[in-house]
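Student: could you look at this predicted model? Sequence included:
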Amino acid sequence: MSSSSDPASSGARGGLFATGGRFSGATDPIMEKFNESINFDKRMWSQDLRGSIAYAKATQKVGILTEEERDTIISGLEKVKEEWAAGTFELKPGDEDIHTANERRLTEIIGPLGGKLHTGRSRNDQVATDTRLWIVEAERDILKDIATLLGASAEFAREHIDVLMAGYTHLQPAQPIRFAHWLMSHMAAIQRDAQRLMEMIPRANQCPLGSGALAGNAFGVDREFLAKELGFDGVTSNSLDSVCDRDFVVEFLMWHSLLLTHLSQMAEDLIINNMLKCVDMADAYATGSSLMPQKKNPDALELLRGKAGVALGRSVGLMATLKGLPRAYNKDLQEDKVPLFAAVDTVKDCLAIATGVIVTMKPNPKMLLKALCPEMLATDLADYLVRKGVPFRETHHISGACVRLAEEQDVSIDTLTLQQLQEIDARFEEDVLKVWNYEESVERKSSIGGTAKSRVLEQIDQCVAFAQLLSNA
C-alpha cells in the first residue's frame, strides 16, 4: 500500500485521464512531465482543431451527434481557435498534449457535450492526422522559400554572366568557367531537392482520421468525407498502419539532410572563395573577432555548413527509434515531432540565410581572373590537335608533355614558343597561340549545360521558370 510520501501518490492525475477510471492512483509528477508533449506539439493547435471540426461533421452524418450538437461543438472549437490565434489560450496541469488541451478547453466552454467529440476517435489517429496536416503545410511553404532562393540566385547569375572564374576538381585548377555557371550548378541541386519535395507531398497528404486506435472506427464514419473536408488527397488504406506510419516524417528528415548537404557544399565553395578574396561577404552575414580587430568571419556560411551534420543526425535518430517498433502505435512515436519541428525551422532559416548571402555578396572579377592560370587550358591545347584529326588519347599525351616542359623550365605554359611546341609535335601551327584565351575556352563549351554564355543563360532562364512554377504551386 502506498504511503502519502510516495511520489506517485502525491501527484495528481489531471486533465481528461483523472483518477476514477482505469487508474486508482495518481501519476508520479516526474512521469507526468516525462510523458507530456504539449510543450512542443502545441504548434499543431490549428491542425488539431481543423481535424476536430471535420470529425464533428462526420459523426453527425452517422447519427452520433445531432445537428444542434454538431453546431455547438464547432462553435466551441471556433472559440478555442480564437484563443490560440490571440495568444490567450491558457495551458493547465493535465494538458498532456495538444489534443487533451483542446478537448479540455472545449468542455469548459460548452459543457459535457464536449465529451461526445472523441466518440470512435483515438489520439492515435488524431496525432497522425495533425502531423500530416502540419507537415504538408510546412512542405508547401518550404517550396515557396526554395522558389525565392532559386529566383534570386538566377537573377544574380544573370547580372554577373560575363565574370570568369577558375573551375576545380580535387581542389586543383581544372578549367575556366563562368561565375554564373558555378552558381547555377548549385541551383541545379536545389531544383532536384524541390522536385523530390513535390513528390513527397502526395504521400504525406493522405488522411488517417477514422482509423481509431488501431482497428478502425466502430461507428462507420465516412473517411472519404473527412479527407475531403481536410484537403487530403485520399485516405490511408490500413488502420493499423495508419496510426503508426511515420514514413512521411522520415522522408522529410532525410530530404532536409540532403538539402542542407547541398547548401553546405555551396557554403564551402564560398568560404574558400571568400578566403581567396574572390568573393566578398556582406557585413550582414559576417561577424568579427573578440580579439582580432581585422577579422571578418563568414559565420553565416560556416553555420550553413555545420547544420548539415545535425540534420543527418535527426534523420538517423528517428530511423533508429522506428526500427524496433511493433505494430501499431507506441509512445516512442511521440519523439518524431521534436526533430520534425526542428528540421522545418532549420530548413526555413537556412534557405533565408542562403538567399541573403547570395544576393548581397560581391564577386571580385579581378581576383577571380587572377585565380585562373594558363595550365587550365592544357585540355584546350589537346583539343586543338583533335580538331586537326589527331586521336584524343595521343593529344592528351602531347599536351601533358607541353605541361612538363613548362614546369621543367619554370615558365607558364602559354609562354612556350611555337618552335618549342613543334619540337614536341610538328602538327602545332601558328594558330595554336590562340588557344591561350580564357573567354574563347569558355565559349567552346557550348553543349547543353556547358559554360558558354548562351548555355548558361539557358540554365538561368530554366531556373527562373522553375522558381515561378514553385511559387504558383
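Tutor: The structure has been received and is ready for your questions.
Student: in this protein, what spans have low per-residue confidence?
Tutor: Across the chain, residues meeting the criterion (pLDDT under 70) sit at 1-25.
Student: for it, longest helix please?
Tutor: Under DSSP state H, the helix in the chain containing the largest number of residues is helix 123-159.
Student: who are the packing partners of that one?
Tutor: Judged by 3 or more CB pairs under 8 Å, 6 or more residues apart in numbering; DSSP states H and E, the packing partners of helix 123-159 are helix 45-61, helix 98-110, helix 179-204, strand 206-207, helix 239-244, helix 247-275, helix 337-360, helix 453-472. Using the backbone N, CA and C atoms, a C-beta is placed for each residue, glycine as well.
Student: so can I have JSON lines of these showing distance to Trp134 and mean neighbour count?
Tutor: Output for the helices and strands packed on helix 123-159, formatted as JSON lines (distance: least, CB to CB, whole Å; neighbours: other CB atoms under 10 Å):
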{"stretch": "helix 45-61", "distance to Trp134": "5", "mean neighbour count": "22"}
{"stretch": "helix 98-110", "distance to Trp134": "10", "mean neighbour count": "22"}
{"stretch": "helix 179-204", "distance to Trp134": "10", "mean neighbour count": "19"}
{"stretch": "strand 206-207", "distance to Trp134": "14", "mean neighbour count": "24"}
{"stretch": "helix 239-244", "distance to Trp134": "16", "mean neighbour count": "21"}
{"stretch": "helix 247-275", "distance to Trp134": "10", "mean neighbour count": "20"}
{"stretch": "helix 337-360", "distance to Trp134": "8", "mean neighbour count": "19"}
{"stretch": "helix 453-472", "distance to Trp134": "20", "mean neighbour count": "17"}
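Student: of all these, which one comes closest to Glu69?
Tutor: Between Glu69 and those, the tightest spacing by CB to CB is seen for helix 45-61, at 7.3 Å.
Student: picking that back up, out of the helices and strands packed on helix 123-159, nearest to Lys323?
Tutor: It's helix 247-275; of those, that one is closest to Lys323 (CB to CB) at 10.6 Å.
Student: run through who's touching the following helix or strand past the closest one.
Tutor: Going down the chain from helix 247-275, the next helix or strand is strand 279-280, by DSSP states H and E. Among residues not part of strand 279-280, those counted as contacts by CB atoms under 8 Å, 6 or more residues apart in numbering are 270, 273-274, 361-364, 368.
Student: at 6 Å instead, please
Tutor: By CB atoms under 6 Å, 6 or more residues apart in numbering, the residues outside strand 279-280 that reach it are 273, 361-363.
Student: now it, how far from the centre of its chain.
Tutor: 26 Å (CA atoms, centre = their mean, to the nearest Å).
Student: give me the three-state assignment for Ile161.
Tutor: The three-state label given to Ile161 by DSSP: H, G, I helix; E, B strand; the rest coil is coil.
Student: what's the closest non-adjacent residue to it?
Tutor: Ala180 (4.9 Å; CB to CB, 6 or more residues apart in numbering).
Student: quick one: residues contacting the one you found.
Tutor: With contact taken as CB under 6 Å, 6+ apart, Ala180 is in contact with 157, 160-161, 456.
Student: hang on, the earlier thing: make TSV out of the helices and strands packed on helix 123-159 and add distance to Lys307.
Tutor: Output for these, formatted as TSV (distance: least, CB to CB, whole Å):
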stretch	distance to Lys307
helix 45-61	26
helix 98-110	27
helix 179-204	15
strand 206-207	30
helix 239-244	29
helix 247-275	6
helix 337-360	6
helix 453-472	22
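Student: can you turn the buried part of the contacts of Ala180 into a PyMOL selection?
Tutor: Burial among the contacts of Ala180 is assessed by 16 or more other CB atoms under 10 Å; the matching PyMOL selection reads:
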select buried, resi 157+160+456
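Student: for the stretch 301-450 of the chain, just list every one of the strands.
Tutor: Assigned by DSSP state E, counting those that start in this stretch, the stretch 301-450 of the chain shows strands spanning 362-363.
Student: can you give me the distance of the residue nearest the centre of the chain to Gly313?
Tutor: Taking CA atoms, centre = their mean, the centroid of the chain lies closest to His256, which sits 3.6 Å from it. Separation of His256 from Gly313 (CB to CB, to the nearest Å) stands at 11 Å.
Student: what sits closest to Asp283 if chain neighbours are left out?
Tutor: Lys296 (7.6 Å).
Student: quick check, that neighbour in contact with Thr287.
Tutor: No. Using CB atoms under 6 Å, Lys296 is not in contact with Thr287, being 7.9 Å away.
Student: Leu304: what's it in contact with?
Tutor: Taking CB under 6 Å, 6+ apart as the test, what Leu304 contacts is 263, 267, 350.
Student: er, Val359 actually
Tutor: Shown in contact with Val359 (CB under 6 Å, 6+ apart): 152, 156.
Student: okay, now the sheet partners of the helix or strand following the longest helix of the chain, with direction.
Tutor: Beyond helix 123-159 in the direction of the C-terminus, DSSP H and E gives the next helix or strand as strand 164-169. Take DSSP bridges as the rule and strand 164-169 pairs in its sheet with strand 172-178 (antiparallel).
Student: re the thing from before, relative to Ala284, how far out is the residue nearest to Asp283?
Tutor: Applying CB to CB, one obtains 12 Å for the distance of Lys296 from Ala284.
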